[in-house]
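> One predicted model, sequence on top.
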Amino acid sequence: MQTAPAPVIVAIDGPSGTGKSSTSRAVATALGLSYLDTGAQYRAITWWMLTNDVDVNDPAAVAAAAHKPAIVSGTNPAAPGITADGVDATGPIRTQEVTAAVSAVSAVPEIRAQLTELQRRIAVEAETGIVVEGRDIGTTVLPDADLKVFLTASPEARAARRSGELRGADGAAKPDLAGTQAALLQRDSADSSRTTSPLRQAGDALEVDTTELTLEQVVECVVTLIREKQQAG
Ligand SMILES: Nc1ncnc2c1ncn2[C@@H]1O[C@H](COP(=O)(O)OP(=O)(O)OP(=O)(O)O)[C@@H](O)[C@H]1O
Ligand SMILES: Nc1ccn([C@@H]2O[C@H](COP(=O)(O)O)[C@@H](O)[C@H]2O)c(=O)n1
């Protein structure tokens with residue numbers, strides 16, 4: 001009798017705009033795995049704070065409200081929605097207002113403790129395995145992941161990708177590339193310099209520089225790495 005393969009846990013981390021979400025979703029789809037966007041969870045809790053008049057620049061106020069919203073994440077890579085207190089936040093979490101506030105909220109230790117516990121629970125429950133993406137998955141959330149990948153790309157490439165995305169979203173004129181790049185780097189700097197669980201490459205993570213790669217090439221590379229790990233046992 002054939003036994004089912006053990007669930008595989010994949011951690012994908014990296015700075016903003018390096019392709020974590022696109023790659024993780026495509027890899028999960030290709031291999032029939034679940035998918036978890038932890039950035040969406042930090043965005044959802046930030047959106048809830050903004051909507052409920054919590055001062056996101058007051059760490060004590062954010063900490064006091066950390067346990068209040070119930071965050072529920074979809075793990076289907078084809079449609080990974082998210083709700084905060086039962087309200088669909090999938091669209092609102094992508095606004096500029098949330099993007100500008102999320103690093104301050106995610107730096108608060110009580111917020112990180114809350115979401116880290118939730119992320120571990122979701123990963124354990126994934127029947128066939130899961131691809132989890134974020135900033136501290138390989139270092140803190142899932143240090144025993146079967147495979148850890150750290151995606152990078154030049155700031156220029158990341159800004160160009162993002163500005164194309166922003167233009168496509170609302171049909172507006174091409175946004176200022178320099179401004180987009182500065183905003184990306186500012187968020188990376190805040191995420192890398194916080195005290196609790198900063199953005200960092202795990203010692204045993206494989207770095208994949210995506211600057212000169214198409215999305216398809218990155219996906220193929222990660223799928224190959226996972227298959228190699230599975231074959232190695
Ligand atoms: N290798 C690639 N080549 C070209 N474009 C890419 C590549 N990877 C991702 N993209 C595009 O770059 C943009 C950003 O990708 P994505 O949202 O997956 O990055 P991210 O690392 O998850 O970003 P963030 O951390 O800010 O959420 C998207 O428009 C995506 O389609
Ligand atoms: N594991 C994580 C994931 C995300 N964050 C914070 O959320 C912000 C938004 O993430 P996106 O991937 O949706 O851009 C990010 O800038 C971090 O502040 C985190 O701290 N840890």
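Thanks, I have the structure now. Numbering: from 1, shown residues only. Ligands and ions are numbered 1, 2, ... in the order given.

> Please name the nearest non-neighbouring residue to T23.
The spatially closest residue to T23, leaving aside those adjacent along the chain, is V218, at 5.1 Å (CB to CB, 6 or more residues apart in numbering). C-beta: built from backbone N, CA, C; applies to glycine.

> count of neighbours near the one you found?
The tally of other residues near V218 (other CB atoms under 10 Å) stands at 22.

> Okay, now the unreliable bits of the chain?
Where the chain drops to pLDDT under 70, the residues are 1-3, 166-175.

> do that again at 50, thanks
Counting by pLDDT under 50, the chain has low-confidence residues at 169.

> my guess is L118 contacts Q41, does it?
Yes - applying CB atoms under 8 Å, one finds L118 in contact with Q41, separated by 7.0 Å.

> Contacts for the one helix or strand the residue nearest to T23 maps to, please.
For V218, the element it lies in under DSSP states H and E is helix 215-232. Residues outside helix 215-232 that contact it (CB atoms under 8 Å, 6 or more residues apart in numbering): 5, 8, 10, 12, 19, 22-23, 26-27, 30-31, 146-147, 149, 151, 206, 208, 210, 213.

> mind redoing it with 7 Å?
5, 8, 10, 19, 22-23, 26-27, 30-31, 146-147, 149, 206, 208, 210 (CB atoms under 7 Å, 6 or more residues apart in numbering).

> So which of those residues belong to strands?
Counting by DSSP state E, the members of the contacts of helix 215-232 that fall within strands are 8, 10, 147, 149, 206, 208.

> For the residue nearest the centre of the chain, list the residues it contacts.
The centroid of the chain falls nearest to G134 when counting by CA atoms, centre = their mean (3.2 Å). Residues in contact with G134, defined by CB under 7 Å, 6+ apart, are 13, 38-39.

> how about the helices of this protein, start to end?
Per DSSP state H, the chain carries helices over the ranges 20-31, 38-51, 59-65, 96-106, 109-125, 155-170, 177-193, 215-232.

> A84 is nearest to which of these?
Proximity to A84 (CB to CB) singles out helix 38-51 among the helices of the chain, at 4.3 Å.

> Restricting to C-alpha, output that closest one in PDB.
Presented in PDB, the C-alpha positions along helix 38-51 are these (Å, rounded to 0.1, in the frame of the first residue of the first chain):
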ATOM      1  CA  THR A  38       1.300  36.600   6.400                       C
ATOM      2  CA  GLY A  39       1.700  40.200   5.100                       C
ATOM      3  CA  ALA A  40      -2.100  40.200   4.400                       C
ATOM      4  CA  GLN A  41      -2.600  39.400   8.100                       C
ATOM      5  CA  TYR A  42      -0.500  42.300   9.300                       C
ATOM      6  CA  ARG A  43      -2.300  44.500   6.800                       C
ATOM      7  CA  ALA A  44      -5.700  43.300   8.000                       C
ATOM      8  CA  ILE A  45      -5.000  44.000  11.600                       C
ATOM      9  CA  THR A  46      -3.700  47.400  10.600                       C
ATOM     10  CA  TRP A  47      -6.800  48.100   8.600                       C
ATOM     11  CA  TRP A  48      -8.900  47.100  11.600                       C
ATOM     12  CA  MET A  49      -7.000  49.500  13.800                       C
ATOM     13  CA  LEU A  50      -7.400  52.400  11.400                       C
ATOM     14  CA  THR A  51     -11.100  51.700  11.000                       C
END
